[in-house]
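Undergrad: Here's my sequence, what's the structure:
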Amino acid sequence: MTLRTLLFDLDGTLADTGPDLAFALNRMLADEQRAELPYERIRPQVSHGGAALLHLGFPELRIDSAAFDALRLRMLAVYRANIARRAACIVSGGTTAHKKPHPAPMLLACNQSGSAAPQCLYIGDAQRDIQAGRNAGMPTRVALFGYLGGEDRPENWGADGLVNTPQDILDWI
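TA: Residues are numbered from 1 along each chain as shown. A predicted model of the protein is given here:
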């Protein structure tokens, strides 16, 4: 099958939304009369999702608590209201019943784009991005320019390739 569709993890891969997510987290911290965190501390956690960001700011809250979920929903609302870029279609962790690495978000994106999974290339900057793409049956690439932390080992994630810059993606296709 030929490649028809490029799917991107948004945060750190397609767009530098770290500042937008940091703003949302720091807004939650300020609302709760807590000290804001420096961007340098937030940035490495961006690829791990809203729950990881919230845990960074509110480590005492259990992830499965109602208080945590309420803060997460508030933070995502702030993020959506202040994100720098808009897209025609965004499939996020709350769009389907399952989150990455489950294939459901990837398969929904395939459906919305009118492509079969093998016709899509998924590019992400977190291990769960690559797992989700693989679980959906699509080829994958790791965006090394994304929000990778020092402990990340993308060469061991099972992706079909690594890309150093956005230009590498264009050169490959």
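Undergrad: Please spell out the segments of this structure that come in under the pLDDT threshold.
TA: 1, 84, 86-89 (pLDDT under 70).
Undergrad: how about the strands in it?
TA: 5-8, 120-124, 140-143, 162-163 (DSSP state E).
Undergrad: Who are the contact partners of residue 77?
TA: Taking C-beta atoms under 8 Å, 6 or more residues apart in numbering, we find residue 77 in contact with no residue. Just so you know, the C-beta spots here come from the backbone N, C-alpha and C atoms, and that holds for glycine as well.
Undergrad: Would you check how far apart it and residue 50 are?
TA: Using C-beta to C-beta, to the nearest Å, residue 77 is found at 11 Å from residue 50.
Undergrad: my guess is residue 56 meets residue 41, correct?
TA: Yes. Contact criterion C-beta atoms under 8 Å: residue 56 and residue 41 qualify, at 7.2 Å.
Undergrad: picking that back up, can you put the strands of the chain in CSV and add mean neighbour count?
TA: CSV is the format used below for the strands of the chain (neighbours: other C-beta atoms under 10 Å):
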stretch, mean neighbour count
strand 5-8, 20
strand 120-124, 25
strand 140-143, 26
strand 162-163, 17
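Undergrad: To residue 25, which of those strands lies closest?
TA: strand 120-124 (20.8 Å; C-beta to C-beta).
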